[in-house]
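K.L.:
Provided below are the primary sequence and the corresponding predicted coordinates.
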Amino acid sequence: MQSFSDLNLSPKVLRAIEELGYTEPSPIQAQALPLLLGNNTDFLGLAATGTGKTAAFTIPLLERLDPNVRQVQGLILCPTRELAMQVTDQVNLLGKYLGVTALPIYGGASYNDQHRGLHRGVSVVVGTPGRICDHIRQGTLNLEKLQVLVLDEADEMISMGFKDDLMAVLDSVPDGQANTWLFSATMSPDVRRVADTYLKNPAQVQVNRSEMVPTTIEQLFYITHESSKPDVLCKLIDSVDDFYGLIFCQTKALVADLTSHLMDRGYRVDSLHGDKTQSAREITMKAFRERKVKILVCTDVAARGLDVKDVTHVMNYSIPRELDSYVHRIGRTARCGKSGVAMSLISPRQRSMVGQIERLTKSVLQEGSIPTRRELGAKKVSSFLAKFQEQENYTRAIESMGDEWKLALSTMTPEEIAGRFLALNFTDIFNDKDADLRAAPSRLGFVDRGDDRGDRGGRGGYDRDRGERPRMDRGGSRGNDRDSRSGGGSRDRDRGGSERPRMDRGEFPRRPAPFRAEGGPRIVRADDSVSAPAPVSNPSPAPAPVAAAAKEYRAPKAAAAVAAAPTKPWPREGAEKKPYEAKKKAELKPKRTFDPSESKSSGSGFAGKPRKEKRS
């Protein structure tokens with residue numbers, strides 16, 4: 001098949017295809033359209049991302065619908081909200097002359113709007129599995145007239161945790177009524193089980209299975225430590241003339257940190273992740289499509305299924321835990337036959353993952369060299385020359401110069417003036433930040449602790465050579481490592497160098513008995529008429545014998561005042577014991593007792609369990 005006109009399409013659909021600019025079908029379209037247009041059969045299509053699978057199932061779906069029936073005849077399941085919105089737009093564009101519109105149903109949107117849309121009647125519904133299940137349980141989505149069920153990006157729906165919802169939707173379809181069309185970029189065991197369970201004798205199409213990614217994508221990787229990734233990322237962005245792409249991170253926290261860092265560096269950047277509201281995500285995507293934002297930092301969950309035209313670069317700031325996600329990441333560029341570049345920042349301990357990616361994608365990744373600041377400076381200066389020569393308002397600036405400017409410029413050469421001007425405009429290029437990066441790389445990096453714990457170089461690091469550990473005898477020391485830390489001293493020496501007394505096994509160190517020096521301080525009561533010694537800011541040390549024995553640090557005047565103070569005996573010392581007064585004892589209030597005949601105690605006022613009397 002050379003063109004869409006070779007197919008038996010309706011004039012209205014063919015007109016819409018021509019307006020969209022489609023001239024030749026892609027490989028997946030050329031093989032899938034004849035099968036889906038001719039027979040009512042289940043279908044299994046495997047093709048790389050960005051090869052035109054959306055049009056491959058939208059065109060035959062529109063040909064099978066009856067526009068006069070205002071009930072759901074086609075249901076399309078997508079893994080993400082963004083992909084559901086894009087598929088909805090594609091259905092509306094291809095079916096506008098047929099009078100067919102699609103209703104998007106996804107989480108984060110209002111139920112009321114979706115209920116009203118379903119109540120009015122719609123031929124095609126595009127949504128995510130979770131929200132579709134909710135409407136089926138509520139009875140607002142009726143599948144009695146369903147003819148085609150499409151599973152778009154089935155492998156992504158399963159890997160994102162929608163397997164149970166996906167199977168629930170498949171079970172709710174009346175048996176033998178609708179055909180199921182499954183499209184996927186990879187064939188995982190879970191996808192194979194779903195296909196074997198729910199697809200009956202499907203027609204199968206596999207396109208470019210020898211290469212999982214389009215050949216128009218140039219794949220590069222750069223070896224760098226985790227702490228150096230922010231600076232390396234900025235260098236790679238600056239090395240591109242017009243960077244317009246996506247940066248993928250592993251976690252939402254890393255997305256927020258990296259976005260803030262790039263904003264501080266002056267880049268037009270925004271973020272996209274699962275915690276953003278639907279309205280905020282739509283605003284972000286609109287700004288990115290209009291190129292008001294040139295860089296979009298996002299996670300796998302938020303960016304799967306994005307279809308943005310003319311994306312030049314895809315940057316893997318963090319390697320995904322599931323390598324299948326790598327195929328979907330780099331598939332955001334080089335779409336519809338265009339070229340693109342995929343870059344990956346890999347730490348030294350992840351070097352082995354390059355081979356795994358090559359075996360999975362059946363392609364070759366080339367190692368790139370990180371540009372230096374000298375190279376970036378030369379490129380910036382050469383690109384700035386045209387703007388410098390086109391400046392027209394420089395005469396006003398000359399008129400604003402005072403005598404101090406003229407005096408300063410008279411001592412400079414033209415090269416020095418131009419160099420100072422360029423250094424002032426490109427501070428991030430001409431400042432010596434490489435020295436700071438080598439000195440303290442941890443201050444400049446955002447460590448992705450979920451993946452790269454070993455790059456810290458500390459405990460648990462993978463990049464350092466441990467060497468052979470010294471053997472230890474039972475009860476012996478650990479070799480010279482501990483001695484070197486304490487300055488070459490033995491393990492039994494303290495910081496001051498004095499030797500600690502050795503103890504037998506099981507013996508505890510004994511605290512020395514308290515010592516009271518002769519003529520030492522006496523205890524003074526509060527009622528003694530002796531003023532307390534005033535605090536001394538810089539007391540002079542006591543003589544060595546007294547200081548070592550009594551640990552006493554007291555000002556001389558205060559010590560003399562305490563020594564000369566008259567002492568009084570304690571109240572209990574030498575006092576006569578008072579005789580026992582039986583009469584006064586009898587007059588005292590008797591103890592509270594409990595009478596079992598009463599409902600509550602005589603003193604406490606609480607009813608319940610009797611209280612035991614205290615023995616006298």
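P.N.:
Nice, I can see it. On a predicted model such as this, the values are computed, not experimentally measured, just so you know.
K.L.:
Now His135: which helix or strand?
P.N.:
Using DSSP states H and E, the element containing His135 is helix 129-138.
K.L.:
Isn't Ala16 up against Val91?
P.N.:
No: counting by C-beta atoms under 8 Å, Ala16 sits too far from Val91 to count as a contact (10.5 Å). Yep, even glycine has a C-beta here, placed from its N, CA and C like the rest.
K.L.:
neighbour count winner among the two?
P.N.:
Val91 (24 against 21; other C-beta atoms under 10 Å).
K.L.:
Now that one. Its backbone dihedrals?
P.N.:
Main-chain torsions, Val91, degrees, to the nearest 10: phi -70, psi -40.
K.L.:
list the helices and strands the helix or strand containing Pro230 packs on?
P.N.:
In this assignment (DSSP H and E), Pro230 forms part of helix 229-238. Secondary-structure packing of helix 229-238 (3 or more C-beta pairs under 8 Å, 6 or more residues apart in numbering; DSSP states H and E): helix 252-264, strand 340-346, helix 373-390.
K.L.:
buried ones in the shortest one?
P.N.:
By that I understand strand 340-346. Neighbour counts over strand 340-346 (16 or more other C-beta atoms under 10 Å) mark 340-346 as buried.
K.L.:
do stretch 63-73 as well
P.N.:
Neighbour counts using 16+ other C-beta under 10 Å place 63, 65, 72-73 of stretch 63-73 among the buried residues.
K.L.:
now those residues as JSON lines including secondary structure, distance to Ala287 and pLDDT?
P.N.:
Output for the buried residues of stretch 63-73, formatted as JSON lines (DSSP: H, G, I helix; E, B strand; the rest coil; distance: C-beta to C-beta, whole Å; pLDDT from 0 to 100):
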{"residue": "Glu63", "secondary structure": "helix", "distance to Ala287": "36", "pLDDT": "94"}
{"residue": "Leu65", "secondary structure": "coil", "distance to Ala287": "35", "pLDDT": "92"}
{"residue": "Val72", "secondary structure": "coil", "distance to Ala287": "33", "pLDDT": "95"}
{"residue": "Gln73", "secondary structure": "coil", "distance to Ala287": "35", "pLDDT": "95"}
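K.L.:
nearest to Val301, of these?
P.N.:
Nearest to Val301 among the buried residues of stretch 63-73: Val72, at 27.2 Å, using C-beta to C-beta.
K.L.:
Check whether the closest one really touches Val125, as I assumed.
P.N.:
Yes: Val72 lies in contact with Val125 (C-beta under 8 Å); the separation is 5.3 Å.
K.L.:
what's the overlap in contacts for these two?
P.N.:
Listed contacts common to Val72 and Val125 are 118, 141; contacts here mean C-beta atoms under 8 Å, 6 or more residues apart in numbering.
K.L.:
Going along the chain, name the strands of this protein.
P.N.:
Using DSSP state E, the strands found in the chain span residues 43-46, 74-77, 102-105, 124-127, 148-151, 179-184, 203-206, 217-223, 245-248, 269-272, 295-298, 313-316, 340-346, 366-367.
K.L.:
Give me the helices and strands touching the fourth one, please.
P.N.:
In terms of contacts (3+ C-beta pairs under 8 Å, 6+ apart), strand 124-127 is packed against strand 74-77, helix 81-94, strand 102-105.
K.L.:
Relative to Ser383, which of these is closest?
P.N.:
With C-beta to C-beta as the criterion, Ser383 lies closest to helix 81-94 of those, at 33.7 Å.
K.L.:
okay, the angle between the closest one and helix 129-138?
P.N.:
Per axes from the mean of the first three to the mean of the last three C-alpha atoms, to 10 degrees, the angle that helix 81-94 makes with helix 129-138 is 80 degrees.
K.L.:
What residues sit buried inside helix 81-94?
P.N.:
Neighbour counts over helix 81-94 (16+ other C-beta under 10 Å) mark 81-88, 90-91, 94 as buried.
K.L.:
OK, contacts around the residue lying closest to Lys163 once chain neighbours are set aside?
P.N.:
Using C-beta to C-beta, 6 or more residues apart in numbering and skipping the chain neighbours, the partner closest in space to Lys163 is Asp190 (6.5 Å). Neighbour list for Asp190: 155, 158-159, 163 [criterion: C-beta under 8 Å, 6+ apart].
K.L.:
Mind picking the lowest-pLDDT entry from the residues you listed?
P.N.:
Minimum pLDDT for these is recorded at Ser159 (82).
K.L.:
neighbours around it, how many?
P.N.:
21.
K.L.:
is it true that it touches Ser188?
P.N.:
Yes: between Ser159 and Ser188 there is a contact under C-beta under 8 Å: 7.4 Å.
K.L.:
Quick check: neighbours shared by these two?
P.N.:
What both Ser159 and Ser188 touch, as defined by C-beta under 8 Å, 6+ apart, is the set Asp324.
K.L.:
nearest spatial neighbour of Thr23, skipping sequence neighbours?
P.N.:
Sequence neighbours aside, Ser3 is the residue nearest to Thr23 in space, at 6.7 Å (criterion: C-beta to C-beta, 6+ apart).
K.L.:
Ile330: how many residues sit nearby?
P.N.:
By other C-beta under 10 Å, the residues close to Ile330 number 31.
K.L.:
The closest residue to it other than its chain neighbours: what's it in contact with?
P.N.:
Excluding the flanking residues, the one nearest Ile330 by C-beta to C-beta, 6+ apart is Ala342, at 3.8 Å. By C-beta under 8 Å, 6+ apart, the contact list for Ala342 reads 217-220, 313-314, 316, 329-330, 333.
K.L.:
residue ranges with poor pLDDT in this protein?
P.N.:
1, 208-212, 302-305, 337, 432-616 (pLDDT under 70).
K.L.:
before we move on, the earlier item: please produce a markdown table containing the helices and strands packed on strand 124-127, extended by distance to Asp270.
P.N.:
Output for these, formatted as a markdown table (distance: least, C-beta to C-beta, whole Å):
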| stretch | distance to Asp270 |
| --- | --- |
| strand 74-77 | 28 |
| helix 81-94 | 14 |
| strand 102-105 | 22 |
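K.L.:
Quick one, which of those gets closest to Asn39.
P.N.:
Nearest of the helices and strands packed on strand 124-127 (C-beta to C-beta): strand 74-77, 16.9 Å.
K.L.:
Can you tell me which helices and strands that closest one packs against?
P.N.:
Judged by 3+ C-beta pairs under 8 Å, 6+ apart, strand 74-77 is in contact with helix 53-64, helix 81-94, strand 124-127, helix 129-138, strand 148-151, helix 163-172.
K.L.:
Which one of those lies nearest to Arg116?
P.N.:
Between Arg116 and these, the tightest spacing by C-beta to C-beta is seen for helix 129-138, at 12.5 Å.
K.L.:
What residues sit buried inside that closest one?
P.N.:
Of the residues in helix 129-138, 129-136 count as buried by neighbour count, 16+ other C-beta under 10 Å.
K.L.:
With stretch 165-172 instead?
P.N.:
For stretch 165-172, the neighbour count (16+ other C-beta under 10 Å) marks 165-170 as buried.
K.L.:
Is it possible to get a markdown table of these that adds distance to Leu33?
P.N.:
Listed next are the buried residues of stretch 165-172 as a markdown table, based on distance: C-beta to C-beta, whole Å:
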| residue | distance to Leu33 |
| --- | --- |
| Asp165 | 29 |
| Leu166 | 25 |
| Met167 | 28 |
| Ala168 | 30 |
| Val169 | 25 |
| Leu170 | 24 |
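K.L.:
For Gly121, state which of these is nearest.
P.N.:
Of all the buried residues of stretch 165-172, Gly121 sits closest to Val169, with 20.5 Å by C-beta to C-beta.
K.L.:
gap between the two ends of stretch 30-44?
P.N.:
Distance between the two ends of stretch 30-44: 15 Å, counting by C-alpha to C-alpha, to the nearest Å.
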